[in-house]
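**Student:** quick one: sequence plus predicted model below, questions after.
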Amino acid sequence: MPRQIRLNAFMMNCVGHLAPGQWTAPGDQSVSYLNTRYWVDLAQTLEAGLFDGLFLGDVTGLYDVYGGSPDAALRTAAQTPMNDPVPLIPLMAHATQHLGFGVTVSVAYEAPYLLARRFTTLDHLSQGRVAWNVVTSYLQSGARSLGQNELRAHDERYDRADEFLEVCYKLWEGSWEDAALQRDASRGIYADPARIHSVEHKGRYFDSEGIFQCEPSPQRTPLLFQAGGSARGTRFAARHAECIFLGAPTRNGLRSSARAIRSALSEAGREPDSALLFAMLTVIVDETAERAQARYAAYRERASDEGALALLSGWTGIDLSRYRPDDTLSYVDTDAGQSALASFSKLDPEREWTVRDAVEFVSIGGRGAVVVGDAAQVADELQALVEETGIDGFNLTWVESPRTFHDIVQYLVPELQRRGVYKQHYAEGTLREKLLGQGARLQAPHIGASFRRG
């Protein structure tokens, strides 16, 4: 039986996400990101295509590494300007019934209690359809904007994130027992104080004491995503993540990443397949292969190398203005996002990447591959990637908004369904139930389940 393929849409609350320069196309509507109708229409399109979720990325700070200035990012709208993605979720959840919503929130600039409260609220308002992509931040400009002189060292950020999650688990899973909620109007008792417990945490980075003020949401702990590609990030993902986001430009690199994650899950005492793996991918599909290739050629003409350089410099922490286009990318440890540089210089040792190669690649789709063709050709490639690398699905980026997703729903989804590798309808329940086929809440041996009371 062929492996089932899962699809998420991958966006940010901005003009230019992973295809700088494309906002200038006559039909592109990404400049409407300030309009509520834009997001509602998008969510309804994705639900019509039975997408599992809309994965909302986010970043704090400007991309100012390239040339030591944010000018390139500002000129090309490379993930700048960008708004907070969290308020979009209740808006789109109200307009849909099944679509999940994953949102990126960094632990670098938040208090665990306040973030836990925000996600509990989102989980209630979405009827259990929210996921949290846990990140530690990588831009020095973001640290400075939040009053910090500089980012913490890379691995220490993950040490702090481990403790951050521990506090959240105590709040979500350990403060209120299931039986605490009474809602007994005849006796005038809403909750039983004997079954509600004070959280007491005193650690290296955080102190928290008191009762969590929110009643438990459908999932309690939101479905947990993570995207760390470094050795320390992989250990963090193996400990906490239920879905893991991979970005690799080649099939060999993707296979290597998937194997490393599965191995890390085993080492963490979890089943190797206990987390779903989603690869970044850009799909350009049309009624015919010729039309798809023509659109891809037009996108290549419009792509902004300057915007791609701004993004890649920010992701790696390396000012690429100091290098020639033919210089080879070499893997070095930085305090920025180590996974970005590893994607091009370490995961697939059979390929040597120059700065020019990486910029051309990043200019459409970021760190994921691009697949172009008619529905049958694209479906062939998606099936091959799933079968040959062991991933479970894709976080699909966009080039032209909203056309990229309209075309996927119109052309690709029916072809995948015809092949029996894509669902015909949504499963019932929360996002965790829909994706993992288990209960609404964390299940042992996940570390978060160990904090549950009662």
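**Tutor:** Nice, thanks for sending it over.
**Student:** Arg441 should be in a strand, yeah?
**Tutor:** No: Arg441: not assigned to a strand; according to DSSP: H, G, I helix; E, B strand; the rest coil it is coil.
**Student:** separation between it and Arg432?
**Tutor:** Using CB to CB, to the nearest Å, Arg441 is found at 7 Å from Arg432. In short, each C-beta sits where N, CA and C put it, glycine included.
**Student:** likewise Arg157?
**Tutor:** 26 Å.
**Student:** the more surrounded of those two?
**Tutor:** Arg432 (27 against 22; other CB atoms under 10 Å).
**Student:** which helix in this structure runs the most residues?
**Tutor:** Scanning the chain for the longest helix, with DSSP state H as the assignment, gives helix 154-174.
**Student:** what's next to the helix or strand following that helix, contact-wise?
**Tutor:** Scanning forward in sequence from helix 154-174 by DSSP states H and E, the next helix or strand is strand 181-184. Strand 181-184 has contacts (CB atoms under 8 Å, 6 or more residues apart in numbering) with Ile189, Tyr190, Ala191, Asp192, Glu215, Pro216.
**Student:** ranking those residues by neighbours, who comes first?
**Tutor:** Pro216 (20 neighbours).
**Student:** wait, that one touches Ala179, no?
**Tutor:** No: contact criterion CB atoms under 8 Å: Pro216 and Ala179 do not qualify, at 10.9 Å.
**Student:** surely Gly102 meets Met11?
**Tutor:** No: Gly102 sits out of contact with Met11 when judged by CB under 8 Å, with a separation of 10.5 Å.
**Student:** between these two, which contacts overlap?
**Tutor:** By CB under 8 Å, 6+ apart, the residues touching both Gly102 and Met11 are Leu54, Phe55, Leu56.
**Student:** export those residues as CSV, with columns for pLDDT, secondary structure and distance to Arg270.
**Tutor:** Shown next, in CSV, are these (pLDDT from 0 to 100; DSSP: H, G, I helix; E, B strand; the rest coil; distance: CB to CB, whole Å):
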residue, pLDDT, secondary structure, distance to Arg270
Leu54, 98, strand, 27
Phe55, 97, strand, 22
Leu56, 98, strand, 26
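**Student:** want to throw the residues you listed into TSV with neighbour count?
**Tutor:** Shown next, in TSV, are the shared contacts of Gly102 and Met11 (neighbours: other CB atoms under 10 Å):
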residue	neighbour count
Leu54	27
Phe55	28
Leu56	24
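**Student:** just give me the closest of the residues you listed to Leu18.
**Tutor:** Phe55 (12.1 Å; CB to CB).
**Student:** who's in contact with that closest one?
**Tutor:** Asn8, Ala9, Phe10, Met11, Gly102, Ala131, Asn133, Phe225, Phe245, Phe278, Asn395.
**Student:** take those residues and lay them out in JSON lines including pLDDT.
**Tutor:** Conversion of the contacts of Phe55 to JSON lines gives the following (pLDDT from 0 to 100):
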{"residue": "Asn8", "pLDDT": "98"}
{"residue": "Ala9", "pLDDT": "98"}
{"residue": "Phe10", "pLDDT": "98"}
{"residue": "Met11", "pLDDT": "97"}
{"residue": "Gly102", "pLDDT": "98"}
{"residue": "Ala131", "pLDDT": "98"}
{"residue": "Asn133", "pLDDT": "97"}
{"residue": "Phe225", "pLDDT": "97"}
{"residue": "Phe245", "pLDDT": "94"}
{"residue": "Phe278", "pLDDT": "97"}
{"residue": "Asn395", "pLDDT": "97"}
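**Student:** from Gln44, how far out is His425?
**Tutor:** From His425 to Gln44 the distance is 16 Å (CB to CB).
**Student:** neighbour-wise, which of those two wins?
**Tutor:** Gln44 (14 against 7).
**Student:** show me what the helix or strand that the more buried one is a member of is packed against.
**Tutor:** When elements are assigned from DSSP H and E, Gln44 belongs to helix 36-48. Applying 3 or more CB pairs under 8 Å, 6 or more residues apart in numbering; DSSP states H and E, we find helix 36-48 packed against strand 6-12, strand 53-57, helix 88-94, helix 403-407.
**Student:** alpha carbons only: can I get it in CSV?
**Tutor:** Extracted in CSV, the C-alpha atoms of helix 36-48 (Å, rounded to 0.1, in the frame of the first residue of the first chain):
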residue,chain,number,x,y,z
THR,A,36,-8.5,40.0,6.7
ARG,A,37,-10.3,38.7,3.5
TYR,A,38,-6.9,37.6,2.1
TRP,A,39,-6.4,35.2,5.0
VAL,A,40,-9.9,34.0,5.2
ASP,A,41,-10.0,33.2,1.5
LEU,A,42,-6.6,31.4,1.8
ALA,A,43,-7.8,29.3,4.7
GLN,A,44,-10.9,28.3,2.9
THR,A,45,-9.0,27.4,-0.2
LEU,A,46,-6.6,25.2,1.8
GLU,A,47,-9.5,23.4,3.6
ALA,A,48,-11.2,22.8,0.2
